[in-house]
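Q: Quick one, fold the following:
(one chain, ligands or ions: 1)
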Amino acid sequence: MSVQDKLIRPSRVITMDDIIREGQPTLRERAKDVSLPIQDEDIILGEKMLQFLKNSQDPATAEKMGLRGGVGLAAPQLNISKRIIAVLIPNPEDEDGNPPAESYSLQEVMYNPKIVAHSVQEATLADGEGCLSVDREVPGYVIRHARVTVDYYNKNGEKQRIKLKGYRAIVVQHEIDHTNGIMFYDRINEAEPFAVKEGLLIIE
Ligand SMILES: [Zn+2]
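A: Numbers count the residues shown, from 1 in each chain. Coordinates of the predicted model:
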């Protein structure tokens, strides 16, 4: 039985034990396209991935299940070499600590996501990046495109196009990288991890 067959069983919930860590070869492979129309097994996998992110962001559930908080997950991180990513980016609370009207600024499972256009300007998160498949801190600016246009299929097999900037653009690029065998630290300048080229947008 394949890893995916096991993960998509009805009562099965994704945990940290299902996430492979750096050094595992699948994380360095170019993943395969998902076939269209999207198969049930891929739809269910996508839902489980999104549920994992929800669980990881809920303090009580995360504590109980021992989950690290995450805003994105890619199928290769589950040792499934397919071009599927899930992203779940929460909106912040307002100044008074009330929950936002919309819980998430981006909540999507993307099949065969592809960057079809990007800005010349580059951007980085001020605090660097982390990854559920990397159990160590890797400090440095991860240099990415400041703005991207991404084409993908949703679970209904409908082609979507989304334009992203800021934090959302960073997260989606990190996850698409996983489908291409790229780790975030590949994009850190090794000699000078906090080097700032002219025009670099630093996102706080
Ligand atoms: Zn990652």
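Q: all contacts plus neighbour counts: C-alpha atoms, from now on.
A: OK.
Q: Please enumerate the helices of this protein.
A: 3-7, 40-57, 59-65, 166-179 (DSSP state H).
Q: Would you format these as CSV with mean pLDDT, mean neighbour count and distance to residue 18 included?
A: Output for the helices of the chain, formatted as CSV (pLDDT from 0 to 100; neighbours: other C-alpha atoms under 10 Å; distance: least, C-alpha to C-alpha, whole Å):
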stretch, mean pLDDT, mean neighbour count, distance to residue 18
helix 3-7, 97, 13, 9
helix 40-57, 98, 20, 11
helix 59-65, 97, 13, 12
helix 166-179, 98, 22, 16
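Q: Export those to JSON lines and append columns for distance to residue 190.
A: Shown next, in JSON lines, are the helices of the chain (distance: least, C-alpha to C-alpha, whole Å):
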{"stretch": "helix 3-7", "distance to residue 190": "35"}
{"stretch": "helix 40-57", "distance to residue 190": "30"}
{"stretch": "helix 59-65", "distance to residue 190": "33"}
{"stretch": "helix 166-179", "distance to residue 190": "18"}
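Q: got a pLDDT number for the spatially most central residue of the chain?
A: Residue closest to the mean C-alpha point of the chain, counted by C-alpha atoms, centre = their mean, is residue 72 at 2.9 Å. Residue 72 is assigned a predicted lDDT (pLDDT) of 98.
Q: got the contact list for it?
A: Neighbour list for residue 72: 53, 85-89, 171-172, 175 [criterion: C-alpha atoms under 8 Å, 6 or more residues apart in numbering].
Q: Could you tell me which residues make contact with residue 111?
A: 34, 83-85, 152-155.
Q: meant to ask about residue 80, not that
A: With C-alpha under 8 Å, 6+ apart, residue 80 has these contacts: 3-4, 26.
Q: out of these, who's nearest residue 104?
A: residue 4 (27.0 Å; C-alpha to C-alpha).
Q: Roughly how far does that closest one sit from residue 68?
A: 22 Å (C-alpha to C-alpha, to the nearest Å).
Q: try residue 189
A: 26 Å.
Q: now do residue 123
A: 25 Å.
Q: Among the two, which residue is more densely surrounded?
A: Using other C-alpha atoms under 10 Å as the criterion, residue 123 and residue 68 rank with residue 123 on top: 25 against 16.
Q: Model confidence for that one, exactly?
A: For residue 123, pLDDT reads 98.
Q: and it, what are its bridge partners?
A: Beta bridges link residue 123 to residue 144, residue 201, judged by DSSP bridges.
Q: Now for it: which residues touch it?
A: Residues in contact with residue 123 (C-alpha under 8 Å, 6+ apart) are 143-146, 166, 200-203.
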